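Q: Please find the sequence and the predicted model below.
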Amino acid sequence: MKKIILVAFMALSGLYSIAQGDSGFGIKGGLNYSANGDYFESAGDIARNPNRNVGYHLGVFGKIGASSVYLRPELVYTKTKSDYNGDDFDMSKLDVPVLLGIKVIGPLHLFAGPAFQYILKTEFDGITIDDVENDFSVGMNIGAAVNFGKLGVDLRYERGFSDNDASFINTSITTVGPSRIDTRPDQLILSLSLTL
């Protein structure tokens, strides 16, 4: 774990040292909304229970390239929360999206790219779960951003490519035998970023 953090820090430090022209480095943070099924159906539940499926993220990013086409690697700590039959499933993870961005018109940018995920901790209704199939998985980010100088706002969708289940026994959502939760990302992410 320490090696992963050290490698990520060195990579982002290297990005900062080679940043030139429109390239740069910054910080970001915001909210995540994890889905279990239909976003529009579950969005109605937010008014009744505003904390349901809402998590947060904090991190750093680099930007390499011209103002019209650029590469944006990120290192983000993410805490997600999902509801399964009234019980909470919490997950802490490190995300490393590597996004290709394109300036469309004015302050509007579109971006997409792979997102690498390393699961730090999972917990189901207060029970720590150590049996996650893969601590490391790959997904996809796609979204849009509006940048006003050094300040940016982006909305993206993240989805994991492959199933990544957590197993547990004797919980309230099952009465017989082991049960499984799909831990792959399926979320909307709203971020505020500041280029330093």
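A: Thanks, I have it. Residues are numbered from 1 along each chain as shown.
Q: Pull the contacting residues for the nearest residue to Phe148 once chain neighbours are set aside.
A: Nearest residue to Phe148, sequence neighbours excluded (CB to CB, 6 or more residues apart in numbering): Pro107, at 5.9 Å. Yep, even glycine has a C-beta here, placed from its N, CA and C like the rest. By CB atoms under 8 Å, 6 or more residues apart in numbering, the residues touching Pro107 are 146-148.
Q: swap the cut-off to 10 Å and go again
A: Residues near Pro107 by CB atoms under 10 Å, 6 or more residues apart in numbering: 145-149, 151-153.
Q: Need phi/psi at Lys150.
A: Lys150 adopts backbone torsions of phi -80, psi -10, taken as degrees, to the nearest 10.
Q: What's the mean pLDDT across the top strand by length along the chain?
A: Of all the elements of type strand in the chain, the one with the most residues (DSSP state E) is strand 87-105. Averaged over strand 87-105, pLDDT sits at 90.
Q: Tell me the strands beside that strand, with direction?
A: strand 69-84 (antiparallel), strand 108-124 (antiparallel) (DSSP bridges).
Q: those helices in this structure, which residues are they?
A: Using DSSP state H, the helices of the chain run over 2-18, 39-43, 45-48.
Q: Contact partners for Leu110?
A: Counted by CB under 10 Å, 6+ apart, Leu110 has contacts 99-104, 142-145, 154.
Q: now those residues: which count as buried?
A: Among the contacts of Leu110, the ones that count as buried by 16 or more other CB atoms under 10 Å are 99, 101, 103, 143, 145, 154.
Q: which residue sits closest to the last one, ignoring its sequence neighbours?
A: Closest residue to Asp154 apart from its sequence neighbours, by CB to CB, 6+ apart: Ala145 at 3.6 Å.
Q: Might one say that that neighbour is in contact with Tyr70?
A: No: counting by CB atoms under 10 Å, Ala145 does not reach Tyr70; the two are 11.2 Å apart.
Q: which residues do the two both contact?
A: With CB under 10 Å, 6+ apart, Ala145 and Tyr70 have common neighbours 99, 101, 103, 109, 111.
Q: For the residues you listed, name the two members farthest from one another.
A: Leu99 and Lys103 (13.2 Å; CB to CB).
Q: roughly how far apart are the residue nearest to Asp154 and Val60?
A: Using CB to CB, to the nearest Å, Ala145 is found at 16 Å from Val60.
Q: ditto for Phe111
A: Phe111 sits 16 Å away from Val60, going by CB to CB.
Q: Burial check on the closest residue to Lys121 other than its chain neighbours, number of neighbours?
A: Nearest non-adjacent residue to Lys121, counting by CB to CB, 6+ apart: Ser92, 4.5 Å away. Number of residues near Ser92 (other CB atoms under 10 Å) recorded here: 14.
Q: I'd like the buried ones among the contacts of Leu110 as a markdown table, with distance to Gly29 appended.
A: Shown next, in a markdown table, are those (distance: CB to CB, whole Å):
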| residue | distance to Gly29 |
| --- | --- |
| Leu99 | 17 |
| Gly101 | 19 |
| Lys103 | 23 |
| Gly143 | 16 |
| Ala145 | 14 |
| Asp154 | 12 |
